[in-house]
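Novice: from the sequence below, what's the structure:
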Amino acid sequence: VQLQASGGGLVQAGGSLRLSCVASGIIFSLNTVGWYRQAPGKQRELVAVITSYGSTSHADSVKGRFTISRDNAKKTVYLQMDSLKPEDTAVYYCYARGPNNRDVYWGQGTLVTVSS
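Specialist: Numbering: from 1, shown residues only. From the prediction side, this is the model:
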């Protein structure tokens, strides 16, 4: 199983980035997938999640600015991030959770840096 995240980078406050995470080795369409982030010195926090049925949930801190989506044919989950703020600076990790809610897989992380 492999989750390959990409799309991070350096952006000015107010800018946008789109993260992508491509999965292999799993039946992607059956998995709940999402994104966590971890800022320096802070705990990892859930950013957004999308179920196999397409239901989404976003953390209060990113609601209205970030949008999670998925493309099952491409086995990819996306995180569109708009109106970025310096406090969004973190390493972003994608994950996939199997239909049994027991198997959880993680991507390697992609760094997002937002300058003020």
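Novice: for the rest of this, base every contact and every neighbour count on C-alpha atoms.
Specialist: Fine.
Novice: how much space between the spatially most central residue of the chain and Val62?
Specialist: The structure's the chain has its C-alpha centroid closest to Trp35; by Cα atoms, centre = their mean the separation is 2.8 Å. Distance, Trp35 to Val62, by Cα to Cα, to the nearest Å: 12 Å.
Novice: which residues do the two both contact?
Specialist: Common neighbours of Trp35 and Val62, using Cα atoms under 8 Å, 6 or more residues apart in numbering, are Val47.
Novice: now stretch 9-28: average pLDDT?
Specialist: For stretch 9-28, the mean per-residue pLDDT is 97.
Novice: name the residues that touch it?
Specialist: Taking Cα under 8 Å, 6+ apart as the rule, stretch 9-28 contacts 1-8, 72, 74-86, 94, 107, 110-116.
Novice: again with stretch 106-115
Specialist: With Cα under 8 Å, 6+ apart as the test, stretch 106-115 has contacts from 2-13, 21, 84-96.
Novice: strands along the protein, start to end?
Specialist: Using DSSP state E, the strands found in the chain span residues 2-6, 9-12, 17-24, 32-38, 45-50, 56-58, 66-71, 76-81, 90-97, 104-106, 110-115.
Novice: give me the mean pLDDT for the fourth one.
Specialist: Translated: strand 32-38. Across strand 32-38, pLDDT averages out at 98.
Novice: tell me what angle it forms with strand 76-81.
Specialist: Angle, strand 32-38 to strand 76-81, by axes from the mean of the first three to the mean of the last three Cα atoms, to 10 degrees: 40 degrees.
Novice: by contact count, what packs against strand 32-38?
Specialist: strand 45-50, strand 76-81, strand 90-97 (3 or more Cα pairs under 8 Å, 6 or more residues apart in numbering; DSSP states H and E).
Novice: I'd assumed Leu30 was in contact with Pro99.
Specialist: Yes. Counting by Cα atoms under 8 Å, Pro99 touches Leu30, with 6.0 Å between them.
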